[in-house]
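Colleague: Compute the structure for the input listed below.
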Amino acid sequence: MNYQTILKDEKIRCTICPRKCVLSDGQEGFCRVRKNVNGEITLTTYGYNTGLAIDPVEKKPLYQFYPGTQVLSFGTFGCNMGCLFCQNWQTTKIKSDCRLLNKTTPEEIVQIAKKYSCKSVAFTYNDPVIFFEYAIDTARLCRQEGIKTIAVSSGYINPEPAKEFFKYMDAANIDLKGFSENFYRKNCMAHLAPVLDTIKYAANETDCLIELTTMLIEGENDSDDMIKKECEWILENLGDCVPLHFSAFFPRYKFSDRKQTDFSTLLRAYSIAQKAGLKYIYTGNLTNTETSSTYCKNCSRAAIVRNGYRLIEYNLDKKGSCRFCGTKCDGRF
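Modeller: The predicted model follows:
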């Protein structure tokens, strides 16, 4: 599980993500948490987290993975993305002493999840790709105890570690940050193609349930053409039943001078995705019952009605089929 390549001059290459950082002894990678310690990649934040929280699963956001259930969520420091608009920059972008964090072993996390009757454990707040070992060890124990696992990720991971990672995840929300290589290079210091490869692999070749999120930033990734191309790519590569969330941007980090996303922008994207033929589309971060609800792909009646993260109407039977027409809703229920 130690994804690295030994190089000359006592250097090693971290191969967990497409950055493939080359590290001298004692040097950290772009993510600030994966470090060359005596010729081995070491996760310096293993066992440390920024705090445990109990969330509704809808907050991840996952709308078609055991709706209405509770999730034990945690993250650590660091990130392998360089997003100028990062919404969690206080923990992803600032180098801090991990000894100031909470220390919780994978075994303790599982016990806490059981104590509070959490259906799932979510690796979130920062990307679990960079705390790979901590996430995988916890996920393995969750599986043994019948607890589901959730990854909230940007999908910036290499193909080989992705196989192991998604093998232990029951669901994932992957950020598709914008459908343009230029957007990724300029605003994320990353590339689009590896993310698309991760999404295709996870959705088509694993048992992990996938939902996608695109946070719309006006003037950057919200053009009709870009949204249309994203929806067309989803239809061609994943089918019409992968849920897509359009969420609102709030001024943060290097984009603190930008304006918050108007709800009209989310509605425009929602309409484009509808016309493209996607069956499950949502708006997020700004409460709206109509565009936060799940509709039956056959009869178009409201299968699940939401007010924010709260379910106010549930019209699926125990097998996840529509009570109006009997059509199975895609997801886990």
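
Colleague: distance of residue 67 from residue 100?
Modeller: 36 Å (Cβ to Cβ, to the nearest Å). Heads up, the C-betas are built off the backbone N, CA and C, glycines and all.

Colleague: neighbour count winner among those two?
Modeller: Taking neighbours as other Cβ atoms under 10 Å, residue 67 and residue 100 compare with residue 67 leading, 22 against 9.

Colleague: And the more buried one, its phi and psi?
Modeller: Torsion angles at residue 67 (phi, psi; degrees, to the nearest 10) stand at phi -50, psi 140.

Colleague: Distance of it relative to residue 91?
Modeller: 28 Å.

Colleague: One more: residue 58?
Modeller: Looking at residue 58 against residue 91, where the rule is Cβ to Cβ, the gap reads 22 Å.

Colleague: How about residue 114?
Modeller: With distances taken as Cβ to Cβ, residue 114 is found 26 Å from residue 91.

Colleague: ok, the two, which is more surrounded?
Modeller: Summary of the neighbour comparison: residue 114 and residue 91, criterion other Cβ under 10 Å, with residue 91 having more neighbours (19 against 14).

Colleague: ok now the host helix or strand of that one, how far from the chain's centre?
Modeller: Using DSSP states H and E, the element containing residue 91 is helix 89-92. Centroid separation between helix 89-92 and its chain, computed with Cα atoms, centre = their mean, to the nearest Å, is 16 Å.

Colleague: pull the CA atoms of that helix into PDB?
Modeller: Below are the C-alpha coordinates for helix 89-92, written out as PDB (Å, rounded to 0.1, in the frame of the first residue of the first chain):
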ATOM      1  CA  TRP A  89      -8.700  26.500   3.000                       C
ATOM      2  CA  GLN A  90      -8.000  26.900   6.800                       C
ATOM      3  CA  THR A  91      -7.200  23.200   7.000                       C
ATOM      4  CA  THR A  92      -6.200  22.300   3.400                       C
END
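
Colleague: And the strands in the stretch 1-150 of the chain?
Modeller: 4-6, 12-14, 22-23, 34-37, 40-43, 48-49, 53-56, 70-74, 102-103, 120-123, 148-153 (DSSP state E, counting those that start in this stretch).

Colleague: Compare these and say which comes out lowest on pLDDT.
Modeller: When those are compared on average pLDDT, strand 102-103 comes out lowest at a mean of 91.

Colleague: one step back: so which bits of the helix holding residue 91 are buried?
Modeller: Residues 89, 91, 92 are the ones in helix 89-92 that count as buried (16 or more other Cβ atoms under 10 Å).

Colleague: any idea how far residue 130 is from the nearest residue to residue 76 once chain neighbours are set aside?
Modeller: With Cβ to Cβ, 6 or more residues apart in numbering as the criterion, residue 76 has its nearest non-adjacent residue at 4.2 Å, and that residue is residue 45. With the distance defined as Cβ to Cβ, residue 45 ends up 8 Å from residue 130.

Colleague: Neighbour count for these two, which is higher?
Modeller: Taking other Cβ under 10 Å, residue 45 and residue 130 do not tie; residue 130 has more neighbours (30 against 25).

Colleague: isn't the more buried one right up against residue 75?
Modeller: No: under the contact definition of Cβ atoms under 8 Å, residue 130 does not touch residue 75, with a separation of 10.0 Å.

Colleague: intersection of neighbour lists for these two?
Modeller: Here residue 130 and residue 75 have no joint contacts, going by Cβ atoms under 8 Å, 6 or more residues apart in numbering.

Colleague: residue ranges of the helices in the chain, please?
Modeller: Taking DSSP state H as the criterion, the chain contains helices spanning 89-92, 106-115, 132-144, 159-167, 181-188, 192-205, 224-237, 263-276, 289-292.
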